[in-house]
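Colleague: mind looking at a prediction? Sequence and model below.
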Amino acid sequence: MSAIALWGARCGAIALLAAAVAGCAGSGERIASMVTPYRPDVVQGNFVAREQVQALQPGMSRQQVREILGTPLVTDLFHANRWDYVFALRRPGVEPQMRRLTVFFAGDRFERVEGDEMPTEEEFVASLTSKVSNPKVPQLQASEEQLARFPKAGADAAAAAPPAAPAPGTQYPPLESASR
């Protein structure tokens, strides 16, 4: 092969490769739009239910409050008479949830609580439903029209096709000899 023919073949291959890459440029964006990275749910803090807040009684000790609400997210050295409970839930495609609750003490005894309206446990669980509100459920039952496309199985099919005879030479000897 001459040098000119080899050079022409290489140029042709390069031109063909460039055309293929240029043709794929638009499809790369489509592929990138179909593939999305995994984004995990981010949960921070302690979830406090309305039932837990209602269980608090004035005069309870700090330990009793901790047993009902859990460990506070923030305890401040400069404000030793308050505990802050913060809860945040961030999920892709869903509005973030953020709730704050502040518990105040007089000395070592529970005094009052301030903050957002806390949901009941049932309301919170209902808010965790899937992002897809109406998932597409596939049809699980075939119509008569769809079934008519296939040959009938059962007695009719068994009568129409006789059982296949073994091909000659496919008989195998017994596993044990008859002399035993």
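Modeller: Alright, I've got the coordinates.
Colleague: in the chain, where is pLDDT below threshold?
Modeller: Confidence mapping of the chain against pLDDT under 70 gives the ranges 1-13, 15-34, 129-138, 153-170, 173, 178-180.
Colleague: and Leu128, how many neighbours?
Modeller: Using other Cβ atoms under 10 Å, Leu128 has 11 neighbouring residues. C-beta coordinates here come from the backbone N, C-alpha and C atoms, glycine included.
Colleague: now it: how far from Phe47?
Modeller: Note on Leu128: its distance to Phe47, by Cβ to Cβ, to the nearest Å, is 11 Å.
Colleague: Gln97 now?
Modeller: From Gln97 across to Phe47, the span is 9 Å (Cβ to Cβ).
Colleague: who touches both of those two?
Modeller: Taking Cβ atoms under 8 Å, 6 or more residues apart in numbering as the contact rule, the neighbours common to Gln97 and Phe47 are Phe87.
Colleague: stretch 57-68: which residues count as buried?
Modeller: Residues Met60, Val65, Ile68 are the ones in stretch 57-68 that count as buried (16 or more other Cβ atoms under 10 Å).
Colleague: let's verify the closest residue to the second one other than its chain neighbours: helix, strand, or coil?
Modeller: Translated: Val65. Counting by Cβ to Cβ, 6 or more residues apart in numbering, Val65 lies nearest to Phe110, which is 5.2 Å off, once chain neighbours are set aside. Following DSSP: H, G, I helix; E, B strand; the rest coil, we place Phe110 in the strand state.
Colleague: what about Phe110, how many residues nearby?
Modeller: 20.
Colleague: Arg66 is in contact with that one, correct?
Modeller: No. If you go by Cβ atoms under 8 Å, Phe110 and Arg66 don't touch, sitting 10.4 Å apart.
Colleague: ranges for the helices of the protein?
Modeller: With DSSP state H applied, the chain shows helices at 3-34, 50-55, 62-69, 121-127, 144-147, 155-160, listed in chain order.
Colleague: quick one: the residue nearest to Val65 and Val94, what's the gap?
Modeller: In this structure, Phe110 and Val94 are separated by 34 Å, where distance is defined by Cβ to Cβ.
Colleague: likewise for Gly70?
Modeller: Taken as Cβ to Cβ, the spacing of Gly70 relative to Val94 amounts to 24 Å.
Colleague: kindly report the same for Thr71.
Modeller: Thr71 is 27 Å from Val94, by Cβ to Cβ.
Colleague: hmm, back to that, ok, the buried residues of stretch 57-68 vs Phe87, which is closest?
Modeller: Using Cβ to Cβ, Ile68 comes nearest to Phe87 of the buried residues of stretch 57-68, at 15.2 Å.
Colleague: what's the nearest residue to Phe105 if we skip its chain neighbours?
Modeller: Here the nearest residue to Phe105 in space, its sequence neighbours aside, is Asn81; by Cβ to Cβ, 6+ apart that works out to 4.9 Å.
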